[in-house]
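Enquirer: need a 3D model of the following:
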Amino acid sequence: MVYRYKKAVISESHKIYQLKRLDAHLETHLYAIMAKATSSTSFSDNILTGVTLMLGFCLTAPLLDVAAKLASSSVPIGQITAVRFILQCVLMAPFIWIMRLSLRVARRQWLALVSRAILLLFATFCFIAAIRVMPLADALAIVFVAPFIVLLVGKFYLGEDVGPRRVGAALVGFVGVLFVIQPSFAAFGAVALIPLATAVTFAFYILVTRGLSRQIHPVTLQFHTGLVASLFCIPILILAHGSGSELFDPVWPTGVAWLWLLGVGFFATLSHMMMTYALSLAPSATLAPLQYFELPVATFFGYLVFNDFPNTLSLIGITIIIGAGLYMIHRERVTARQ
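Expert: So this is what the prediction gives:
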């Protein structure tokens, strides 16, 4: 009798133990589901924030171009370029302090860092020289050939695996550039080729940035880029002072020119900060197609401020460039999934 009682007690205890285990398992599973849902919501929120910031970049980056074009009517191009980097450096400094970021750069990274700054400096100078006389949309459309150049350099020089469809898209993109250059060359002469120099320089700037962005915090990277570029610009302006050079001899800005110069530095810093944080929050594959939104925005501001609007050939070329670029991004996604 006692044995049966003990056996019954043990059996009941075992059942209670099993129920507790089941309850604990269900509770753990429920917590996992809740955590996954929270993580998924947080990830979705990050993507939405990243997309919003990238759209903000597309809206503010053309304002940098507008300010530079307005300033170029009374201020030398070299001086505008210098102000752009000096103000970027000054405006980025508080973020370095607030975020308590280190300014240290490894010795092996300095060559790439200096190269990156010089490439961006040259690309900026060329682009401002182009938009001084060309419509914003035409010049920007030609610069958008840079991703195609990066792809072709990656395939034929760096040995990256790039399929024939993406190479074909890049070549189609170059055809689109010819549509934009042809009427611009007829209207403005050799100046229409300057954005192409910007595109080539910017393509190599992107390639250098690929490596550095994995090693240096984006904010620190932008600060050092502004600092190095400023250290190159200032001596050139000092040497050119009084030379009468239309491109480099600095002048004392008057009136509204101060506002345009401040706009160049402010919108350069704001737009690139938004792009930097957008890339840190959302996948680049999600953000890449959004960059082409900058072209219609630039067209709108060019028409609104300067009454510039691309002609039929240029519009066809811009459409081809956007289409080829979006197709290339699509093929990159397909390749990544395989």
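Enquirer: low-confidence ranges in the stretch 51-200 of the chain?
Expert: 158 (pLDDT under 70).
Enquirer: again, only this time at 80
Expert: Applying pLDDT under 80 to the predicted model, the residue ranges of the stretch 51-200 of the chain that meet it are 150-151, 154-163, 182-188.
Enquirer: and the strands in it?
Expert: According to DSSP state E, counting those that start in this stretch, the stretch 51-200 of the chain carries no segments that qualify as strands.
Enquirer: now T209, nearest residue through space, not along the chain?
Expert: Counting by CB to CB, 6 or more residues apart in numbering, the nearest residue to T209 once its immediate chain neighbours are dropped is R116, at 6.1 Å. Quick note: C-beta positions are derived from backbone N, CA and C, even for glycine.
Enquirer: tell me which element the residue lying closest to V114 once chain neighbours are set aside is part of?
Expert: Distances taken as CB to CB, 6+ apart put V228 closest to V114, at 5.6 Å, once the chain neighbours are dropped. Counting by DSSP states H and E, the secondary-structure element that holds V228 is helix 218-240.
Enquirer: could you report the neighbour count for L231?
Expert: A count of nearby residues for L231, using other CB atoms under 10 Å, gives 14.
Enquirer: mind pulling up the pLDDT for it?
Expert: Predicted confidence (pLDDT) at L231: the value is 95.
Enquirer: what of L262?
Expert: What the model reports for L262 is a pLDDT of 95.
Enquirer: same deal with A257?
Expert: Taken from the predicted model, the pLDDT recorded for A257 is 94.
Enquirer: ok, the closest residue to it other than its chain neighbours - contacts?
Expert: Beyond its immediate neighbours in the sequence, the residue positioned closest to A257 (CB to CB, 6+ apart) is S74, lying 5.1 Å away. S74 makes contact with V251, P253, T254, A257, according to CB atoms under 8 Å, 6 or more residues apart in numbering.
Enquirer: if we can go back for a sec, any idea how far the residue nearest to V114 lies from Q88?
Expert: Using CB to CB, to the nearest Å, one gets 11 Å for the distance from V228 to Q88.
Enquirer: likewise for Q109?
Expert: With the distance defined as CB to CB, Q109 ends up 20 Å from Q88.
Enquirer: more crowded one of these two?
Expert: Per other CB under 10 Å, whichever of Q109 and Q88 has more neighbours is Q88, with 25 against 17.
Enquirer: contact partners for the more buried one?
Expert: For Q88, the contacting residues are Q222, T225, G226, G265, A268, T269, H272, taking CB under 8 Å, 6+ apart as the criterion.
Enquirer: give the closest residue to the residue positioned nearest the centre of the chain in space, chain neighbours not counted.
Expert: Using CA atoms, centre = their mean, the residue of the chain that lies closest to the mean C-alpha position is M275, 5.2 Å off. Nearest non-adjacent residue to M275, counting by CB to CB, 6+ apart: F57, 4.3 Å away.
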